[in-house]
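In: Structure here, sequence nowhere to be found:
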């Protein structure tokens, strides 16, 4: 059984080496980087909105002026952050949609 696994590993390695010699097309690599950047920006957006929601829930439960101030400042600062993320995310997402139509994977 160990010989069969070794043979399978050699076959996979040989197949992998053959496909890597041709390399990945630069357009496909650029598309991968664009996809990663778009997903990272989307994740930052979701985390920012989750933070605002969490502080809002805590402020509602506590009901004190202290937490109302926290909510106000959180919304203010994260509003600026979300605006910056959206300024990068919208063009990146648009480029990703267009590039996926153009580049055949």
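Out: On my side now, so go ahead. All values derive from a computational prediction rather than experimental measurement.

In: Helices of the protein, start to end?
Out: Using DSSP state H, the helices of the chain run over residues 2-22, 26-62, 65-102.

In: Mean neighbour count and mean pLDDT added to those helices, as CSV?
Out: Glycine gets a C-beta too; all of them are placed from N, C-alpha and C. CSV is the format used below for these (neighbours: other CB atoms under 10 Å; pLDDT from 0 to 100):
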stretch, mean neighbour count, mean pLDDT
helix 2-22, 9, 51
helix 26-62, 13, 91
helix 65-102, 13, 91
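
In: doesn't residue 53 make contact with residue 71?
Out: No: Residue 71 is beyond contact range of residue 53, at 10.4 Å (criterion: CB atoms under 8 Å).

In: Could you pull up the contacting residues of the closest residue in space to residue 99 that isn't next to it in sequence?
Out: Excluding the flanking residues, the one nearest residue 99 by CB to CB, 6 or more residues apart in numbering is residue 31, at 5.2 Å. Residue 31 sits next to 96, 99-100, 103, 105 when contact means CB atoms under 8 Å, 6 or more residues apart in numbering.

In: how about JSON lines for those residues, with distance to residue 35 added?
Out: JSON lines is the format used below for those (distance: CB to CB, whole Å):
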{"residue": "96", "distance to residue 35": "6"}
{"residue": "99", "distance to residue 35": "9"}
{"residue": "100", "distance to residue 35": "8"}
{"residue": "103", "distance to residue 35": "11"}
{"residue": "105", "distance to residue 35": "10"}
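
In: center of the chain, which residue is that?
Out: Geometric centre of the chain, nearest residue: residue 39, 2.1 Å, by CA atoms, centre = their mean.

In: Relative to residue 79, how far out is it?
Out: Here residue 39 is placed at a distance of 23 Å from residue 79 (CB to CB, to the nearest Å).

In: Contacts made by stretch 73-93 with the rest, please.
Out: 34, 37-38, 41-42, 44-45, 48-49, 51-52, 55.

In: Now with 7 Å, please.
Out: With CB atoms under 7 Å, 6 or more residues apart in numbering as the test, stretch 73-93 has contacts from 34, 37-38, 41-42, 44-45, 48, 51-52, 55.
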